[in-house]
Every structure is written in structure tokens, then in C-alpha cells.
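**Student:** Fold the following and give me the result.
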Amino acid sequence: MYKVIGIDEAGKGPIIGSMFIGFSIINLVDGLRSLNDFQDKLAVDFGVKDSKLLTPKKRAEIFEKLKGAIDMKYAQLTPALIDKNFFEGGKLNNLEIDAIIQILNAERPDLVIIDALTANPEKFGEQIQKRLGFDCKIISENKADTKYTIVGAASIIAKELREKEIQEIKEKINLDIGSGYPADPKTKEFLKNNYKSTEFDFIFRKSWATYQNLLNEKDKQKPVTKSKDKTLFDY
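**Tutor:** Residues are numbered from 1 along each chain as shown. As a prediction, this is how the structure comes out:
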């Protein structure tokens, strides 16, 4: 068997909710010779493409179909974990790489195709390669979700899980928080009215400038973050 994993993320920029990293996993009998055929099948039979090119309804439909066609894994970086990392001097990219490494070391694929998190995809691929506990080929490219269907599948996994979490938050607090992105008017209004609320404390990324700018000088201090409710890599 020849194992291939596509990787992409969703929810890097929002001020509300988690960031998700999706992993689409396939096992090929004929190795690389059948990879293109499988990717064509994902595109033609399932309609897989970059999640940004799909309507929410279509994305959800494809996500359900993919459950029976490929293996799925994901890493979830909660607001509390993102904040803890930031206030301890860490970088978000490094937190993402930690999650990627943990899952790759568990899966031990032969080939990884990843939508690079930085403007230097070759260097990003090398960063991952150096930390793996096994040998594998890594293809690291910008916009890989539009070039490789298996990465498009990973983008659908990450985006759909992100949207499911946002919907769960809305249902839990019974308020419309919008998309969770800072530029969304509904998110802006919700944040303005509730950023000090202890009831909604768990959904905010307090290290984000948008949140920090709302604090007055008296409030401006590093919040105590707790992550006991979720592990770093919840998959």
C-alpha cells in the first residue's frame, strides 16, 4: 500500500472559534501510478475542489460523501490554545506545524501534499521534513488546494468542521455571532457587546488585535487561558 495525505487548514483568521487542519488520507495499491486516477475520481464522482469554490450546501454534501471514500483526520486548535501559545511567545505557524507533525508521525504516509502556510513553500516543507520520525516525500505548495484534489478534500474537511463548530456555538449561546471573522458586521457587533462576558469567554481569541483593541487600559492584561476541556490535537 502507498499512503498519501493531503493537508489544508481553515479558520486561521477568525476572532471566534477554533482553527481546524484537515487531513485527507488515501491508500493506493499501485502507488503513484494510481494517484491521478483517484484524484480524478474525487473531482468527477464527488465534485471535490477547493472549499472556497463551493457553496455551503454543496460543501456539506461532498463532506458526507467523502466519509465513505477516504480516511479523515483533523487537528483542532481552540481559542484557549491559540491564546496560550501567543502569550507564551509562540507563533501560530509553529503551533500548526506541531499538530501536523503529530498526525503525520501517527499515520506514517509515503507522500504528503500540503497547502503551505507560508510564502516560502519549499522552506515550509523542509521544516516539516526535518521533524518527521520517518522518511516520506513532501510536496509543499501555495494554493495546493486548487492544484491537487486530495488537498481540496482536506480543505473541505477543515472548512466543514469549522462551520459545524460555529453553528454549535450559535445554538449553545442562542445568539447570532456571524461568521466569526473580524470584518463581519454581525461578529463585530456581537464582540462589541459581549467581549467582557464570562459566559462567552470560551469562544474568543483574546490574543487577536481586534479583541485587545476593545479593552481599555484598566482591562488590558493577559487573560488566564484554560484548555482542560480539549486536547491540543483533537482528532
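**Student:** going forward, measure contacts between C-alpha atoms and count neighbours the same way
**Tutor:** Fine.
**Student:** which stretches of this structure have low pLDDT?
**Tutor:** 31-33, 216-235 (pLDDT under 70).
**Student:** Which residue ranges of this protein form strands?
**Tutor:** 2-10, 19-28, 71-77, 111-115, 137-141 (DSSP state E).
**Student:** now these in CSV, with mean neighbour count and distance to Ala158?
**Tutor:** Conversion of these to CSV gives the following (neighbours: other Cα atoms under 10 Å; distance: least, Cα to Cα, whole Å):
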stretch, mean neighbour count, distance to Ala158
strand 2-10, 24, 5
strand 19-28, 24, 4
strand 71-77, 21, 7
strand 111-115, 24, 12
strand 137-141, 19, 18
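**Student:** Throw those into JSON lines and include distance to Gln129, thanks.
**Tutor:** Output for these, formatted as JSON lines (distance: least, Cα to Cα, whole Å):
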{"stretch": "strand 2-10", "distance to Gln129": "14"}
{"stretch": "strand 19-28", "distance to Gln129": "17"}
{"stretch": "strand 71-77", "distance to Gln129": "19"}
{"stretch": "strand 111-115", "distance to Gln129": "10"}
{"stretch": "strand 137-141", "distance to Gln129": "7"}
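**Student:** So which of those strands is nearest Pro121?
**Tutor:** Set against Pro121 and scored by Cα to Cα, the strands of the chain come closest in strand 137-141, at 5.1 Å.
**Student:** Which elements pack onto the lengthiest helix in the chain?
**Tutor:** Ranked by residue count under DSSP state H, the longest helix found in the chain is helix 149-173. Contacts defined by 3 or more Cα pairs under 8 Å, 6 or more residues apart in numbering; DSSP states H and E place helix 149-173 against strand 2-10, strand 19-28, helix 35-46, helix 56-66, strand 71-77, strand 111-115, helix 144-147.
**Student:** and with 7 Å instead?
**Tutor:** Applying 3 or more Cα pairs under 7 Å, 6 or more residues apart in numbering; DSSP states H and E, one finds that helix 149-173 contacts strand 2-10, strand 19-28, helix 35-46, helix 56-66, helix 144-147.
**Student:** which residues are in contact with that helix?
**Tutor:** Helix 149-173 has contacts (Cα atoms under 7 Å, 6 or more residues apart in numbering) with 6-11, 17-24, 39, 42-43, 48-51, 59-60, 63, 113-114, 144-146, 176-177.
**Student:** Equivalent analysis for stretch 19-33, please.
**Tutor:** 1-12, 34, 70-78, 150, 153-155, 157-158, 162.
**Student:** chain center to that stretch, what's the gap?
**Tutor:** Centroid separation for stretch 19-33 versus its chain: 16 Å, with Cα atoms, centre = their mean, to the nearest Å.
**Student:** With just CA atoms, put that stretch into PDB.
**Tutor:** Listed next in PDB are the C-alpha coordinates belonging to stretch 19-33 (Å, rounded to 0.1, in the frame of the first residue of the first chain):
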ATOM      1  CA  MET A  19      -8.800  26.700  13.700                       C
ATOM      2  CA  PHE A  20      -9.000  23.300  12.000                       C
ATOM      3  CA  ILE A  21      -6.400  21.400  10.000                       C
ATOM      4  CA  GLY A  22      -7.900  18.700   7.700                       C
ATOM      5  CA  PHE A  23      -6.100  15.600   6.600                       C
ATOM      6  CA  SER A  24      -7.500  13.500   3.700                       C
ATOM      7  CA  ILE A  25      -5.900  10.100   3.600                       C
ATOM      8  CA  ILE A  26      -5.900   7.500   0.800                       C
ATOM      9  CA  ASN A  27      -4.200   4.100   0.400                       C
ATOM     10  CA  LEU A  28      -3.200   3.200  -3.100                       C
ATOM     11  CA  VAL A  29      -2.500  -0.300  -4.300                       C
ATOM     12  CA  ASP A  30      -0.500   0.800  -7.300                       C
ATOM     13  CA  GLY A  31       1.300   3.700  -5.700                       C
ATOM     14  CA  LEU A  32       1.800   7.000  -7.500                       C
ATOM     15  CA  ARG A  33       0.600   5.400 -10.800                       C
END
